[in-house]
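**Student:** 3D, please:
(one chain, ligands or ions: 1)
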Amino acid sequence: MKKLVLANLKMYFNITKDIQDYLNNLNDEKENFIAFPPIIYLEKFLNNGFTCGIQDISVHKEGAHTGEVSALSATDLGAKYVLLGHSEIRQKGESDELINKKIKTALNHNLKAILCVGENLEAYNQSQTKEIIKNQISKALKNIDEEIMISYEPVWAIGTGKTPTNNEIEDVVSYIKSLFNYKIKVLYGGSVSEKNIETLNQINNLDGFLIGYAATIPSSLRKIIEVAKK
Ligand code: PGA
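**Tutor:** Numbers count the residues shown, from 1 in each chain. Predicted structure coming up:
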């Protein structure tokens, strides 16, 4: 089954030349993944024909909110998706309640929301993964009936080179799916790379991958896309 490939490029590119090299290098793959570029390069990705999302949105519609990006401006430019609840933003104090409001803002502006959920290492060691995830999902999706996607991202797996076992991921994915009355798409994120993609791709109930660092390296992303197509 073909799986979705999402590239969360975080703040990895800081000069225009690097972005241009990246776009040139992956031009023939642009239909095969969804890019979440640093916001300042969103327009450049879109102008080059890449399908894009943004890494976060403001909860506010408009107004005096220095440094924030509105959902309206993102859709106006052509973004189709938004990542919400990423652990790197949660760690700065973003609450489940705020994530809930941001998801509503996103859906009101026709942005498809991808809600990131996952446990930290302590919770993982205490086998509290499902409890944490259920709590994050029920709060973030309170009073929301529209379909969204979920990305399961254990905090301890992000940027560390560590991943849960295939059985562990499969178990969490099937648990997440059991919480919904529609066929929700569930992705996995956290140290997905060209080295472990063959293994991770064997997880049958998974609908795709959210890739951070490895997605910044064109040859790695290419390999991941090739395997995820199978
Ligand atoms: P990583 O990041 O692939 O660099 O671990 C994944 C993510 O944060 O979405």
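
**Student:** for the rest of this, base every contact and every neighbour count on C-alpha atoms.
**Tutor:** Will do.

**Student:** tell me how many other residues surround residue 80.
**Tutor:** Residues lying near residue 80 (other C-alpha atoms under 10 Å) number 19.

**Student:** and what of the one 5 residues further on?
**Tutor:** Summarising burial for residue 85: neighbours were counted as other C-alpha under 10 Å, giving 28.

**Student:** could I get the phi/psi values of it?
**Tutor:** phi 80, psi 20 (degrees, to the nearest 10).

**Student:** wait, it touches residue 116, no?
**Tutor:** Yes: here residue 85 reaches residue 116: they are 5.1 Å apart, a contact under C-alpha atoms under 8 Å.

**Student:** do you know how far residue 60 is from residue 72?
**Tutor:** Counting by C-alpha to C-alpha, to the nearest Å, the separation of residue 60 from residue 72 is 10 Å.

**Student:** those two: who's more crowded?
**Tutor:** Summary of the neighbour comparison: residue 60 and residue 72, criterion other C-alpha under 10 Å, with residue 72 having more neighbours (21 against 16).

**Student:** which SSE is the more buried one in?
**Tutor:** Following DSSP states H and E, one finds residue 72 within helix 71-77.

**Student:** and that helix, how far from the chain's centre?
**Tutor:** Average the C-alpha atoms of helix 71-77, do the same for its chain, and the two points are 18 Å apart (C-alpha atoms, centre = their mean, to the nearest Å).

**Student:** and for stretch 17-32?
**Tutor:** Per C-alpha atoms, centre = their mean, the centroid offset for stretch 17-32 relative to its chain is 19 Å.

**Student:** checking the residue in the chain sticking out farthest from the centre next. Helix, strand or coil?
**Tutor:** With distances taken as C-alpha atoms, centre = their mean, the residue sitting farthest from the centre of the chain turns out to be residue 64, at 27.7 Å. For residue 64, the secondary-structure state derived from DSSP: H, G, I helix; E, B strand; the rest coil is coil.

**Student:** okay, it and residue 169: tell me how far apart.
**Tutor:** As defined by C-alpha to C-alpha, residue 64 lies at a distance of 42 Å from residue 169.

**Student:** pull the residues that contact the helix or strand containing residue 135.
**Tutor:** Assignment of secondary structure by DSSP H and E places residue 135 within helix 129-140. Contacts made with helix 129-140 from outside it, assessed by C-alpha atoms under 8 Å, 6 or more residues apart in numbering, are listed as 96-100, 103, 117-119, 123, 172, 175-176.
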